[in-house]
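Undergrad: Sequence and computational prediction follow.
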Amino acid sequence: MGLFLDVAERLIRKQRQPMTARGLVDLAIEEQLFPDRLSGKTPHQTMKAKLSVDILRHGPRSRFVRTAPGRFYLRELLQEPATSRARASRSRVSTRKDQPTFPFGSPRWTMLPEPYEAERYQAAPARERVMVFPSSLLDKCGRFQGIRTKWKRLARTLLAPENLKYIDRLEAEQQEELKQVVSYVLVTRRNRILAFRRGTFNRVEDFLRGANCIGFGGHVSEVDRTLYNMSEGARIVQDSAVRELLEELSLPDIDQQRLRNGTGLRVVGLLNDDSSGTGRRHFAVVLHYSASDDQSWDDPGRGEKSITQLRWMNLDQPDVQLKDFEYWSQLCMTEFYPAAVHAQPSFLVRRKKPLRPPNLLCILGGIGSGKSSATEILKREFGYAEVNSGHVLADLLGIPPVPVTPREEFQSLAWEFINSETGPAELAKAIYERALLLGSERVLIDGVRQRATLDALRGVSQRSVGVMFVYAPPNVTFNFYSQREGAGVDIHAFLRVTGAEVESEVRRLISQSDAVIYNWAGKSMYKDAIRKLMNHVGVERSRR
């Protein structure tokens, strides 16, 4: 069975509704079901062709059927009772006018497709078997978030042959109980680092797709294990990194030979990122390669189509903003090249007017992002009076605020309230009334977490409503949260809190903001960025 067909079957069975080829590919990319080197620039066309050809070739014996032009379903699910199918699919069925409706009221599906001719595409890529180790092993050794530069003892344990195995990539992507080992190679030449942008349709993780990147590499595969390295897990990873560099870049002969000899390539750290489902399934060995002085490096060439905009970036004066890089690159830049990070802009202003008093200034951001620090500076140095939306909501719910009410319990009750028909409007009205009681032209609203509440506040307020979003990468938020909550907070507890449903919309509100503050590296740099932003907007410091 072809990989495209296997992926289609898995996703349709999971979604329990007819899907388009593009929808299948987008979801497959999101869930990591394709190999790193997905052939072709239009994988959705390949998916459509694979499904169409299978239906044409096998007729009623095909696993798939069409339920409408361009929509595919599993034949066996046609026989599923309509009531159970409706129950499984109710939350996923679209009501848009351009989507067909389906007879959930009848006991069985009655639409059977007619096959049609489709172009034959090349065979699907071969299955890949990747190196994995049990995620629980990381807990025993000391789980961390971000990069660990003292790596040797940990690597000896995690990459010991008895702790490693190789399994099918498709199987590995369904299990957070396993960590897939990947190499992540930084390539430098003097004071410059090689940067690039990955193509949109390359099957890569969300944190890599279409983003600036400084790390080359990929999954450590069974093909990297040889007679010479099979008893050394770390050596297999290094050989995998060499293979990836030779494939992803067009290297001068001298560098090809240097890499094969192990010259100029060294491990500099281990990277663990549990802030997303994709991150929880991967574990990176970070390596550094110092390129030769060969003139070919003046104009570096790519070896794969998915790598675009390949260029050198000056570490003394970076020509690309850190916010435009994927998260792992941000981690590596802040850890290994802190001077470059300090040279980066730390705030972005889209609109100045809503940020100027008299106004309501909403401070938005995820848990541990640094909102509290921003609030204290704005209150102490710029004369803002605060309305804490969490306290307002606690009054509406008739319960004490966090931490008297445990955070997870409060989040659950807040989520139920905000999803009620009148919840957002009630909260917005209560916040505004509390703001008026303060009698100040400078009022700061801390803790709004949903767009509906923000929209309702704009609707009820007679003043302009400005939005300042505080962004911090997951490693910084975990550190801030740990410091605030005290010793004993582990990454799993942190992820439960940040992954709560009531927190799900916060990150997307960055697109609604009038200004963004980037909390890259810690409190001193961050606090200075707040002061600079307010000065840039034209808000004078308080004379109190």
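TA: Noted; the coordinates are in hand.
Undergrad: What is the strand ranked longest in the chain packed up against?
TA: The longest strand of the chain (DSSP state E) is strand 178-189. Of the remaining helices and strands, those touching strand 178-189 by 3 or more Cβ pairs under 8 Å, 6 or more residues apart in numbering; DSSP states H and E are strand 129-134, helix 135-141, strand 192-198, helix 233-248, strand 265-272, strand 282-290, helix 327-336. (C-beta placed from N, C-alpha, C; glycine too.)
Undergrad: Kindly recompute the last result at 6 Å.
TA: On a contact count with 3 or more Cβ pairs under 6 Å, 6 or more residues apart in numbering; DSSP states H and E, strand 178-189 meets strand 129-134, helix 233-248, strand 282-290.
Undergrad: could you dump those to a markdown table with mean pLDDT and distance to F336?
TA: Listed next are those as a markdown table, based on pLDDT from 0 to 100; distance: least, Cβ to Cβ, whole Å:
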| stretch | mean pLDDT | distance to F336 |
| --- | --- | --- |
| strand 129-134 | 96 | 24 |
| helix 233-248 | 94 | 16 |
| strand 282-290 | 97 | 8 |
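Undergrad: The helix or strand harbouring Q483 vs helix 327-336, what angle?
TA: For Q483, the host element (DSSP states H and E) is helix 474-485. Per axes from the mean of the first three to the mean of the last three Cα atoms, to 10 degrees, the angle that helix 474-485 makes with helix 327-336 is 70 degrees.
Undergrad: Please spell out which residues along helix 474-485 are buried.
TA: Neighbour counts over helix 474-485 (16 or more other Cβ atoms under 10 Å) mark P474, N475, V476, T477, F478, F480, Y481, S482 as buried.
Undergrad: still on that earlier bit, what mean pLDDT does the longest strand of the chain get?
TA: Mean pLDDT, strand 178-189: 97.
Undergrad: How far away from the center of its chain is it?
TA: Taking the mean of its C-alpha atoms, strand 178-189 sits 17 Å from the chain's own mean (Cα atoms, centre = their mean, to the nearest Å).
Undergrad: Identify the residues contacting that strand?
TA: 130-133, 135, 172, 194, 214-217, 219-220, 237, 240-241, 244-245, 281-291, 297 (Cβ atoms under 6 Å, 6 or more residues apart in numbering).
Undergrad: For ChimeraX, write the selection for the buried entries among the residues you listed.
TA: Listed next is the ChimeraX selection for buried residues among the contacts of strand 178-189, using 16+ other Cβ under 10 Å:
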select :130,131,132,133,135,172,194,214,215,216,217,219,220,237,240,241,244,245,281,282,283,284,285,286,287,288,289,291,297
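Undergrad: re the thing from before, nearest to L74, out of the helices and strands packed on strand 178-189?
TA: The closest of the helices and strands packed on strand 178-189 to L74 is strand 129-134. By Cβ to Cβ, the value is 26.7 Å.
Undergrad: Report the angle between the closest one and strand 178-189.
TA: Angle of strand 129-134 versus strand 178-189, following the same axes, to 10 degrees, is 110 degrees.
Undergrad: angle of the helix holding Q483 against strand 265-272?
TA: Computed by the same axes, to 10 degrees, the angle separating helix 474-485 from strand 265-272 equals 50 degrees.
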